[in-house]
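Q: output the structure for:
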Amino acid sequence: MTFRLAGSLPQQLIGEMRERVQQNHGVRANAGSGVARLPVVEVEKALDAGHGPKHLARPEVAAVVASALRAFDGIRYKLFAWCIMPNHVHVVFQPLGDRGLADILHSWKSFTAREAQRKFGINGAFWQREYYDHWIRDEEQFLRAVRYVEQNPARAGLEEWRWVEVALR
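A: Presented below is the predicted three-dimensional model:
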């Protein structure tokens, strides 16, 4: 799963991506769909370029997010890998019990937004409402997702990035 800060993908950039989809594939990308119908590779590359606010580059804000991700590991979900980038977060996890994906994500986002706004004076929308998720169907996809999350900071040029955790258990 990937979720991102509000404003991390400027509307102009999203519009350019939609145009490329239309030109390359002859289909019209729905203007009301946010980034959901855009090529994931392009969206990830744009996020890694560091557009918009970079609140998560602040260690104190990243620590709040990391703590929230770990808070119910083994209770509401099982974490396998996560990475907090300057403007977005990747998480590979499995919901447990009757917990749904949307409920887990909502708890992470609402808690961390309130904490960041209260403790660090960040005003306005914190997280973008939409998110990208991907169902993992087999071990190969699982390992590829974990590797992607683990290697994301290096691919984005972030050296010695400390906001990555892989726990294959």
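
Q: would you list every one of the helices in the protein?
A: For the chain, the helices defined by DSSP state H cover 11-25, 40-48, 59-71, 101-120, 139-155.

Q: in a markdown table, list those along with distance to Q94 and mean pLDDT.
A: Placement of C-beta: from N, CA and C, glycine included. Rendered in a markdown table, the data for those read as follows (distance: least, Cβ to Cβ, whole Å; pLDDT from 0 to 100):
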| stretch | distance to Q94 | mean pLDDT |
| --- | --- | --- |
| helix 11-25 | 30 | 74 |
| helix 40-48 | 20 | 76 |
| helix 59-71 | 13 | 98 |
| helix 101-120 | 10 | 97 |
| helix 139-155 | 10 | 96 |
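
Q: and those helices: which comes nearest H90?
A: Ranking the helices of the chain by their distance to H90 (criterion: Cβ to Cβ) puts helix 139-155 first, at 4.5 Å.

Q: may I see the buried residues of that closest one?
A: Taking 16 or more other Cβ atoms under 10 Å as the neighbour-count basis, helix 139-155 is seen to contain the buried residues F142, A145, V146, Y148, V149, E150, N152, P153.

Q: what's the closest of those to F111?
A: V149 (21.0 Å).
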